[in-house]
Structures are given as C-alpha cells and as structure tokens.
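Asks: Following is a predicted model, sequence given first.
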Amino acid sequence: MRLLLAICVSLLANGCASSPKALPEQPNAPTSEGIVATVGKQWDTADQKVAASVTIVREMADRPEVVRSEATVALSFLPPVEAGELAVARARAIKADPKEAADATAFGKKLLATINQNWAKVEADQSEAKRVSNLKDARIVELTAEVERVKKEASANLWTLAGVGIAVIGAIATAFAGPKVGIPLLLSGAAIGAFPLIVDSEYFSIIVGTTLALAAGLGIYWLWDRVRDSANAPYEPPQK
C-alpha cells in the first residue's frame, strides 16, 4: 500500500511540476499566409493601376480623349459608384470651391492612412494567429506524448507491483514451504518486475531470440537424452 501511495504521489508531483505554460490568445484571423498575402498583393496592384491612370489624367488634362480613356481604365478597378457619392462629387466639381476640394483631399488621405493601418493590423494578426496555431499543434503533440508516457509508466508500475507481490509471496513460501517452492516464485517476481525494462530495451529482439534458441536447444537436448536412454536401456522381455 505504501509503495502504491508513493508512486501516486510521485506521478502527481511530476505532473504539477511539468504543467505546460498557458498558450497566448489566438487572434481572430486566418492562419494561412497565402490568403492575406494574395489579397494584399492584388489590392496593391489595383491601387497602383488606379493611381497611375489618375496621374495620367492630371498630366494630360488638356487632352479630353486621354482623360476619358484613362478615367475609364481607373474606374475598371473600382466598384460601381453609389448614387449619393456621385451626387456629392458632381456638386463639388460644379461648385469648384478650392476649400471644399482641399477638405475632400484631406479626408481621402486620412481614410487611406486608416485603411493602411487596419491592413497592417490584419497582416500582424494573421502572423500572430499562425504562430499561436503552430504552438497549439506543438502542444497537441506534447500532450499526446505525455499521455503515452503516463500510460507507459502506469503499465510499468503495474508490472512492478505484480513483481513485488509475487516476490513477497515467494519469500513467505521460502520461509514456510522451503526454497524449492519459494525460489521459483522469487525468480518469477523478479522476471515480472523486469518485464517492462526488457520490452523497452533496444536488445529486446536479441533477448527474445536468445531465449527461444536456448529453449529450443534444451528441448532438442531433452528429446535426444530420452532417445539415448531408451536405446541404452537393457532389453526386458515382455512378461506373460
């Protein structure tokens, strides 16, 4: 009972001492780099093409055909304009108020900065989500290995307890029934207790092979000895 209690305390102590650290919170973001990277690259490409076409429109404002052509190209990379936004822009163009145009320009720059900031956060969250996801995968592997280790130790402890029990019985049998009965039990207890060590040993196959070879050799020798004794036995005529 004391041995079993000591084993349980040892297992609990090892479990508490080696408890894994808490994982960081995973951001609500995709863990695949390809999704964010692809969208970001496509977005940058579209923005650059729109910016290029608008720049040409400004540079060649005196050539209406170029303005219409490049404006059409720029619009092809943008979603359909809402009626309300179109009305605001049309009114601003008709009014041609420099202050109103400057305010709209400042608003656009601020909005673009916010979009870029938010997109940078998306990329950072994706990178962090990927890192935490990898930590979770590693933790799963670690916990799986720990479960297997505990199962293995529990099995070894059962074999050890069984071996100790048989050895105790063997010692008692040696004292009361004699060595002829007790010593085989002692040897059996030692073999049972050592069984997990033998199975886990890198020489397990060699030990098993050697044991089987010895058993086969003893069997052959026993059979040969029986045949020899039968052949050398004096002839005895059958009794009538």
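Replies: Done, it's in. Residues are numbered from 1 along each chain as shown.
Asks: in which helix or strand would I find residue 56?
Replies: helix 33-59 (DSSP states H and E).
Asks: buried ones in that helix?
Replies: Going by neighbour count (16 or more other CB atoms under 10 Å), the buried part of helix 33-59 is 36, 50, 53, 56-57. Quick note: C-beta positions are derived from backbone N, CA and C, even for glycine.
Asks: Tell me the first helix or strand C-terminal of it.
Replies: helix 64-76.
Asks: That next one packs against which elements?
Replies: Using 3 or more CB pairs under 8 Å, 6 or more residues apart in numbering; DSSP states H and E, the elements in contact with helix 64-76 are helix 33-59.
Asks: For the helix it packs on, give the mean pLDDT please.
Replies: For helix 33-59, the mean pLDDT works out to 82.
Asks: Could you check how many residues crowd around residue 194?
Replies: By the criterion of other CB atoms under 10 Å, residue 194 has 14 neighbours.
Asks: Reformat the buried residues of helix 33-59 as CSV; add distance to residue 67.
Replies: Putting the buried residues of helix 33-59 into CSV (distance: CB to CB, whole Å) gives the following:
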residue, distance to residue 67
36, 36
50, 15
53, 10
56, 8
57, 5
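Asks: For the helix holding residue 56, enumerate the helices and strands it packs against.
Replies: With contacts taken as 3+ CB pairs under 8 Å, 6+ apart, helix 33-59 sits against helix 64-76, helix 98-177.
Asks: Look at the residue most central in space within the chain and report its pLDDT.
Replies: Centroid check for the chain by CA atoms, centre = their mean gives residue 137 as the closest residue, at 3.0 Å. Looking at residue 137, its pLDDT is 86.
Asks: Can you give me the domain boundaries for the chain?
Replies: 45-96, 158-227 (automatic domain parsing).
Asks: In JSON lines: those, plus distance to residue 109.
Replies: Below are the domains of the chain laid out as JSON lines (distance: least, CB to CB, whole Å):
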{"stretch": "domain 45-96", "distance to residue 109": "13"}
{"stretch": "domain 158-227", "distance to residue 109": "69"}
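Asks: of the ones you listed, which approaches residue 23 most closely?
Replies: Ranking these by proximity to residue 23 (CB to CB) places domain 158-227 first, at 31.7 Å.
Asks: Residue 193 is in contact with residue 165, isn't it?
Replies: No. Counting by CB atoms under 8 Å, residue 193 does not reach residue 165; the two are 9.7 Å apart.
Asks: Give me the more crowded residue out of these two.
Replies: residue 193 (19 against 14).
Asks: Thanks a lot, see you next time.
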